[in-house]
Structures are given as structure tokens and as C-alpha cells.
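Q: Sequence first, predicted model second:
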Amino acid sequence: MARLQFFENLKNIGVAVTYDDVRLKSGHSKVEPASVILESKFSRNIPLKIPIVSAAMDTVTEHKLAIGMAKLGGLGIIHKNLSAEEQAKEVAKVKFHLHGLIDKPICVYEDETIENIQKRIDEKGWKFHSFPVINRSGKLAGILTKNDFDFCDDDSQEAKDVMTEQVLTKEPDTPLEDAYDFMKKNKKKILPLVNDDLEVVGLYVFSDLARIIKGKSSMHNVDKKGRLLVGAAIGVGVPNILRAEMLIKKQVDVLVIDTAHGDSKAVLDTLMQIKKRFKIDVVAGNISEPDSALRLVEAGADGIKVGQGAGSICTTRIIAGIGCPQVSAIYNCASGIGVPVCADGGLRNSGDIPIAIGAGAHSVMMGGMLSGTEESPGEMIFLEGRQWKRYRGMGSLGAMRAHKESRARYRVTSKKMVPEGVEGMVPYKGRLADVIFQYLGGLRSGMGYVGAANIEELREKADFHRITHAGFVESHPHDIHITEASNYTPRE
Ligand code: XMP
């Protein structure tokens with residue numbers, strides 16, 4: 001591991017560094033930036049096609065941004081400044097956005113009249129007219145499609161009078177791609193999946209599969225059923241175990257115990273209870289010391305989140321005097337830990353991504369760098385001829401006043417609060433896809449300079465220079481009045 005000597009030397013003299021203190025060494029390279037592989041992991045069982053995760057913040061990740069992130073190959077973590085029910089609904093909106101496999105298809109009974117079925121469609125506002133038809137013993141008897149409704153001129157007829165009885169079916173675990181090929185070959189618009197007792201246990205709809213398979217870039221980060229992956233933040237204690245249960249019911253893929261102090265008894269207890277009760281990956285944090293990482297992994301964490309006070313809206317380092325500069329924190333926590341590490345907060349430019357990964361992270365979590373996108377929550381603000389969006393810390397006064405989970409994140413129990421974050425605005429950044437394209441471009445380029453063909457190689461090969469103030473000034477554009485800098489944020 002090339003970076004070992006660099007960080008051990010720093011540790012020996014008691015110095016910790018962060019992004020602006022270091023640059024990656026360039027090395028001999030046969031790697032073309034365009035061909036690097038960006039796949040990584042957020043946690044033991046949660047894959048990433050790009051190593052970027054959006055922060056669980058109320059001005060960053062709700063369903064729109066989470067959908068955008070998963071479609072681009074990353075992952076969104078839905079924030080917890082919502083009631084458990086509201087947060088579960090946000091999760092469901094992501095999970096059902098692409099409708100791969102419908103695992104609880106709506107069926108109609110063979111003795112229901114068309115009039116009755118149509119009434120149900122109208123009442124519920126269903127946008128579809130294809131239904132498996134079952135008998136009163138729950139066994140598949142046929143299918144109804146839009147044609148059957150269109151050509152039926154007597155609504156008092158029962159489903160069994162107009163349905164198609166010869167139904168092609170597949171077994172329960174049929175993968176999405178196989179179902180698509182089968183439906184295409186047989187020109188079938190819906191495909192029920194049935195068990196040995198002829199009960200309908202799933203349904204594929206051709207138009208959904210066509211949209212996923214054709215419109216899909218292979219970049220979509222999806223589960224086995226073709227649904228976008230999504231994570232959700234939870235806090236600590238019994239109410240959050242119940243919150244976890246509700247999120248799991250809506251098929252959330254990964255839970256993130258999201259606290260300002262991950263190495264606390266409350267976090268470890270909650271982590272152990274969740275791992276005991278549910279079969280789901282749990283990422284825990286935030287921490288910045290190696291002992292804390294070990295304790296979380298011992299308690300069952302499937303991934304850890306590193307970053308205390310590094311964030312653009314954080315004041316923890318100033319108000320509480322706590323935290324370790326982020327690049328050293330990543331290295332220290334990631335060394336020999338055995339689970340994926342997410343570097344959370346403090347990134348300002350795309351070049352910070354290869355630095356975080358080079359220091360040992362498997363992914364980066366961004367708040368500020370994704371806030372202000374079209375998909376982030378909140379209205380656009382017009383001020384002084386520019387467009388802005390709000391961005392605030394989860395420990396800011398506004399967020400803590402708005403929600404008890406924000407207060408709990410910072411262990412605030414009294415009415416008078418001591419915020420550990422600020423509120424503000426960030427320039428409107430445009431579409432998420434364009435923003436991520438630039439960030440990945442920077443990461444790819446960095447990997448090309450290092451000679452790393454994939455994320456694991458970057459973690460292996462990266463080595464660093466510690467830079468001086470003069471080196472820092474030299475790194476940024478200088479001696480020019482900048483007139484165009486579309487993917488560069490000047491230091492204030
Ligand atoms: P960036 O730099 O990406 O940081 O904007 C986002 C991360 O910052 C953390 N966070 C906070 N930390 N006070 C803090 O000390 C806060 O109010 C606060 N809000 C968010 C969080 O880890 C997030 O992912």
C-alpha cells in the first residue's frame with residue numbers, strides 16, 4: 001500500500017491532513033480515463049456503479065435525488081427529518097419508480113363483473129388494465145388485458161367470460177432479463193409468476209421491462225428485481241427500531257445509522273439490535289478515529305461512515321472543538337477494517353474524490369456538492385440576478401427546530417439549542433446528471449494519472465504529497481481574472 005509510509009510518518013509527528021493539504025502523486029500509467037471501472041461498494045452487500053452517495057440531509061436527498069443517483073449508478077440516502085411514515089413513502093417512491101417485478105400484483109376474481117372491476121380501477125386511479133384473474137381458491141384462472149375491456153360491450157359479463165384462459169406463466173424467481181426475452185418472443189404484455197399451487201406470486205409488465213431494459217443504461221444501480229437501490233437514515237433507540245421496520249417493509253436496501261457521534265453506546269446498541277432483528281445491511285457513523293471504526297464493525301456494521309466536522313455546513317469542529325481532518329480520518333479508519341468505508345463530507349471539487357478513495361475510502365458522500373441541483377428538495381431562489389437553492393446542516397438551528405431527529409442527531413434535549421451547523425444558500429447547479437458527469441470526469445482523470453484501472457487499484461496505488469501553502473496557491477488558478485470555470489469552485 002503506497003500511502004502507508006506517508007500517513008504513518010504524519011501520525012508519528014501527530015499531524016492530520018485534509019483535502020487541501022495533499023495531492024496525489026502521478027505515476028506511470030497505461031490507463032485511459034475513459035476506460036476506468038468505477039464500481040465499488042457502499043456496504044458489504046450494497047454495490048455502487050459509481051462511488052458517490054448523496055447525504056441524508058433534508059436539503060439534499062428525497063426521492064427525486066435518490067432516483068437520479070441510483071439511475072446514474074450511485075445511491076441516495078433518504079434523510080430522517082420526516083416522520084417514519086413519510087420517510088417510508090419516500091423510499092417506496094424510489095423502489096417503485098422503475099417497476100421491475102411487481103411482487104404483490106393486483107388480481108381480480110373470475111366471478112367479478114367487468115363493471116365492478118372498472119369501478120375499482122376508477123376509484124383507485126389505477127393507470128393499467130391488465131390483471132391476473134384468480135378463482136375463489138386463489139389459483140390463476142386467466143388474464144384480463146386492455147383489449148378485453150375495449151372489446152367488451154356488456155359490462156355485466158364476468159371476468160371469466162371475457163378473459164384469456166391460456167396464460168403463459170413463469171416460475172417465481174425468473175430474472176427480469178429472461179422474462180423480457182420470453183415476453184418479447186411470445187408477444188405477451190404481462191407475465192404472471194406462479195408457484196407450484198398456481199398462486200400468483202409476481203407479475204412482469206412488458207412496457208415496464210422494455211423501459212428498464214432499453215432505457216436503462218447499464219449504469220442503473222438496481223436490485224435483483226430491477227428496482228433502483230435506495231438507503232435511508234435512522235437514529236437511535238426504540239422509535240428508530242420501529243422506523244427501521246417500517247422502512248424495511250417498503251424494501252429499503254440499506255439503513256444508515258446517521259449520528260454526529262457514531263462511537264456512542266446508543267449507536268452501538270441500536271446497531272446490534274437491528275442486526276439481530278432484521279436481515280439488512282447497516283452502515284453506521286459518523287466517526288473519525290480507528291478505535292471507533294473497530295467498535296462499530298465488531299457490533300455488526302456492514303459499512304462505516306467517516307467524517308466529523310468536515311462538512312461544508314458543519315460547525316462541530318468550531319463549536320465543540322472536535323474532529324480529525326478528513327483525509328487522515330479516512331486513512332486511519334479504513335486501514336484493515338474489513339468493511340467498506342464511506343468518506344462523508346468536506347469534498348469541494350471533483351479532485352477530492354480520488355483523494356478520498358486514495359486514502360482508503362470505497363465511496364464518498366456528498367451534501368454540498370449535490371445540493372443546489374434540480375433534483376434536490378426545495379424551491380429555487382432568485383437573488384441578485386442569480387439562482388440559488390437552500391442548503392443547511394442537519395444540526396443547524398432551522399433543521400433542529402423543524403425536527404426532533406435533527407435534535408437527536410446532536411443529542412440536544414433542551415428547548416434552547418446549541419447548533420453544530422449553519423444554514424445558507426448554494427448556487428443552482430442544474431441537472432444532477434450533468435453535475436455527476438463532471439465529478440466522474442475528474443475522478444476518471446485522477447485515476448488515469450495514478451495508473452489505476454479501477455477503484456480497488458486506486459486504493460492500492462495512491463500515494464500522496466503533503467503540500468505547503470505555496471503548493472496550495474499554485475494548485476489553484478492564479479494570476480488570471482477568471483472568465484470561465486464551469487467545473488471549478490474558486491476558494492473564497
Ligand atoms: P458536505 O461537505 O458534503 O457535508 O456538505 C455533508 C455532511 O455533513 C454532515 N452534516 C453535518 N455536520 N453539522 C455537522 O457538524 C451539521 O449541521 C451537519 N449536517 C450534515 C453529514 O455527515 C453530511 O453528510
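A: Perfect, I can see it now. Numbers count the residues shown, from 1 in each chain.
Q: Where does the closest residue to the ligand within the stretch 201-350 of the chain fall, secondary structure wise?
A: Closest contact between the stretch 201-350 of the chain and the ligand, by CB to the nearest ligand atom, is at G311 (2.5 Å). (Glycine included, C-beta is placed from N, CA and C.) Counting by DSSP states H and E, there is no helix or strand that carries G311.
Q: Verify the stated contact: it with M394.
A: No - between G311 and M394 there is no contact under CB atoms under 8 Å: 9.2 Å.
Q: list residues touching both of the two?
A: G421 (CB atoms under 8 Å, 6 or more residues apart in numbering).
Q: Which pLDDT value belongs to the nearest residue to I337 once chain neighbours are set aside?
A: Leaving aside its sequence neighbours, I337 sits nearest to A293 (CB to CB, 6 or more residues apart in numbering; 5.2 Å). With respect to pLDDT, A293 scores 98.
Q: need the residues of this protein near the ligand, please.
A: Residues of the chain lying close to the ligand (CB under 6 Å from any ligand atom) are 55, 57, 260, 286, 307, 309, 311-314, 316, 344-347, 365-369, 393-396, 420-421.
Q: follow-up on the earlier one: so who does the residue nearest to I337 touch?
A: With CB under 8 Å, 6+ apart, A293 has these contacts: I287, I304, V306, N332, C333, A334, I337, V341.
Q: If we use 7 Å, what do you get?
A: Shown in contact with A293 (CB atoms under 7 Å, 6 or more residues apart in numbering): I287, I304, C333, I337.
Q: Can I get the helix or strand hosting it as PDB, trimmed to CA atoms?
A: Using DSSP H and E, the element containing A293 is helix 290-298. Output in PDB follows, covering the C-alpha atoms of helix 290-298 (Å, rounded to 0.1, in the frame of the first residue of the first chain):
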ATOM      1  CA  PRO A 290      -9.800   4.000  14.200                       C
ATOM      2  CA  ASP A 291     -10.900   2.500  17.500                       C
ATOM      3  CA  SER A 292     -14.400   3.800  16.800                       C
ATOM      4  CA  ALA A 293     -14.300   2.000  13.500                       C
ATOM      5  CA  LEU A 294     -13.300  -1.200  15.100                       C
ATOM      6  CA  ARG A 295     -16.100  -1.000  17.700                       C
ATOM      7  CA  LEU A 296     -18.700  -0.400  15.000                       C
ATOM      8  CA  VAL A 297     -17.500  -3.300  12.900                       C
ATOM      9  CA  GLU A 298     -17.500  -5.600  16.000                       C
END
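Q: Now it: buried residues?
A: P290, S292, A293, L294, R295, L296, V297 (16 or more other CB atoms under 10 Å).
Q: Can you give me the distance of the fifth one to M365?
A: Same thing as R295. 21 Å (CB to CB, to the nearest Å).
Q: Kindly state the domain boundaries assigned to the protein.
A: Here the domain parsing of the chain from automatic domain parsing is 2-98+221-475, 108-215.
Q: highest average neighbour count across those domains?
A: domain 2-98+221-475 (a mean of 21; mean count of other CB atoms under 10 Å).
Q: Do you have the helices of the stretch 251-400 of the chain handy? List them.
A: Secondary structure of the stretch 251-400 of the chain (DSSP state H, counting those that start in this stretch): helices at 265-277, 290-298, 316-319, 326-334, 352-358, 397-402.
Q: between the ones you listed, which one is nearest to N454?
A: Between N454 and those, the tightest spacing by CB to CB is seen for helix 352-358, at 10.5 Å.
Q: The closest one packs against which elements?
A: Secondary-structure packing of helix 352-358 (3 or more CB pairs under 7 Å, 6 or more residues apart in numbering; DSSP states H and E): strand 22-24, helix 432-450, helix 455-461.
Q: The following helix or strand past the last one pairs with which strands, and in what direction?
A: Read it as helix 455-461. Sequence-wise, the next helix or strand downstream of helix 455-461 (DSSP H and E) is strand 464-466. Each strand that pairs with strand 464-466, with its direction, by DSSP bridges: strand 22-24 (antiparallel).
Q: what about the partner strand, average pLDDT?
A: Regarding strand 22-24, the rounded mean pLDDT is 98.
Q: so is the residue of the chain most remote from its centre in a helix, a strand, or just coil?
A: Outermost residue of the chain with respect to the C-alpha centroid, by CA atoms, centre = their mean, is D154; its distance is 49.1 Å. What DSSP: H, G, I helix; E, B strand; the rest coil gives for D154 is coil.
Q: Can you lay out the helices and strands packed on helix 352-358 as a markdown table showing distance to A485?
A: Formatted as a markdown table, these follow (distance: least, CB to CB, whole Å):
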| stretch | distance to A485 |
| --- | --- |
| strand 22-24 | 19 |
| helix 432-450 | 12 |
| helix 455-461 | 26 |
